[in-house]
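> fold the stuff below for me.
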Amino acid sequence: HRILSTLDLAYSVHLRAHRPHTELLVGASERGVRISELAAQPREVRRRLDDLGGQGEPPTHPKLLDHLASGFRADGWDVKALVRNLVTSKAYRQSSLPRGSLAKDDPDNRLYARQTRFRVDAEFVRDSALSISGLLVQKLGGKSVKPYQPAGYWQHLNFPARKWQAGKGDELYRRSLYTFVCRSFPHPAMVAFDAPSREECAAERPRSNIPQQALVLLNDPVFVEAAKALAERLLQKGEATDTERLSAIFSLALTRKPTKQEEAVLLEHLAEQRKRYEADEKAALDLLSTGVKPVDGSIKPSELAAWTSVSRAMLNLYETTARF
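This next block holds a predicted model:
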């Protein structure tokens, strides 16, 4: 028999005996797809990602966590296989609507008896708006890009002093994953939706619901331009009726049809905006001047501005920025 070395000990710890690091990765992946998280009270297989010690809260389903961790290790640490296993599970594919008395009997969803509803992370809020509008650039990889950012946001940065120079063309519409981040000054729209600074590690993000987020969705140039592009997308369909266009925008943004009440409210809003912009063409042109993407000159400005207002309302809905 050969003499065992510290390398053998390391293999033993890594491959057989010691599982906390594997369970941590599985817990983080499970949290990433949110099989069992409520908006106000996060609950998952391992409920706290930032306290894994013996005095931390133990996992709610230790056998399930051990099973997933063992499979993850046996598959050669294949993250894609792990995520595929999670998102194709029956637990993940459930409705978020509680059945019967589940909301009362299991408010924290520890039984995994339903899917969860929550606002998506900051990067996905922007990406969803760009995707719905048709502006999102699907290119993968490459250098960081700089989308629109308020002038003067970096004014307090020194050593050296810096100035944000927005990108051009497709750089403005790439996925938020590629947005340039200054460690202590992340993009303000991301901060509004709880993206952390890069000054320290964040095991998990908080999730707030504040008026500032609605202001970002209504007024940030990224979202105004996305609303304008979405309105163009609707009006370029030809001789569709207002009701048909409303149905189309609901299908694009929410993947469902509008209710009668929603339809009535938005048709009333559309009529008000048409009247406003027909009486004030300058206001329509000012709205349509947001962003660098040129507008379709064949569309009447007042009509495009009115539908842009409807699109802004749609992108501002909680349902648009939430996962159900």
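
> going forward, measure contacts between C-alpha atoms and count neighbours the same way
Fine.

> got a list of contacts for stretch 142-157?
The contact list for stretch 142-157 (C-alpha atoms under 8 Å, 6 or more residues apart in numbering) reads 161-167, 171-174, 178-180, 185, 187-188, 221-222.

> could you rerun that using 6 Å?
A166, G167, E171, L172, Y178, T179, F180 (C-alpha atoms under 6 Å, 6 or more residues apart in numbering).

> now the residue nearest to the spatial centre of the chain: closest residue in space that isn't a chain neighbour?
Geometric centre of the chain, nearest residue: F124, 2.3 Å, by C-alpha atoms, centre = their mean. Closest residue to F124 apart from its sequence neighbours, by C-alpha to C-alpha, 6 or more residues apart in numbering: S176 at 7.4 Å.

> hang on, isn't that neighbour packed against A122?
No. Using C-alpha atoms under 6 Å, S176 makes no contact with A122, being 8.6 Å away.

> buried stuff in stretch 73-84?
R73, L82, V83 (16 or more other C-alpha atoms under 10 Å).

> one more: stretch 182-191?
F185, P186, H187, A189, M190.

> out of those, which one has the lowest pLDDT?
Here the lowest pLDDT out of the buried residues of stretch 182-191 sits on F185, with 85.

> hmm, back to that, can you tell me the element the residue nearest to the centre of the chain falls in?
helix 122-133 (DSSP states H and E).

> average model confidence for that helix?
95.

> chain center to the following helix or strand past it: distance?
For helix 122-133, the following helix or strand on the C-terminal side (DSSP H and E) is helix 188-192. Distance, stretch centre to chain centre, for helix 188-192: 12 Å (C-alpha atoms, centre = their mean, to the nearest Å).

> I'd like the next helix or strand past helix 188-192.
helix 211-219.

> that following helix packs against which elements?
Packing partners of helix 211-219 (3 or more C-alpha pairs under 6 Å, 6 or more residues apart in numbering; DSSP states H and E): none among the helices and strands.

> from the rest of the structure, what touches the next helix or strand after that helix?
Sequence-wise, the next helix or strand downstream of helix 211-219 (DSSP H and E) is helix 221-235. Residues from elsewhere that reach helix 221-235, judged by C-alpha under 6 Å, 6+ apart: L130, S133, L217, G291, W307, T308, S311, R312.

> turn those into CSV, including distance to A10.
Output for these, formatted as CSV (distance: C-alpha to C-alpha, whole Å):
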residue, distance to A10
L130, 47
S133, 52
L217, 51
G291, 56
W307, 63
T308, 60
S311, 57
R312, 56
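
> nearest residue to L254 in space, please, no chain neighbours.
T320 (6.2 Å).

> find the helix or strand that the one you found is a member of.
Judged by DSSP H and E, T320 forms part of no helix or strand.

> cool, and K90?
Here K90 is assigned to no helix or strand, by DSSP H and E.
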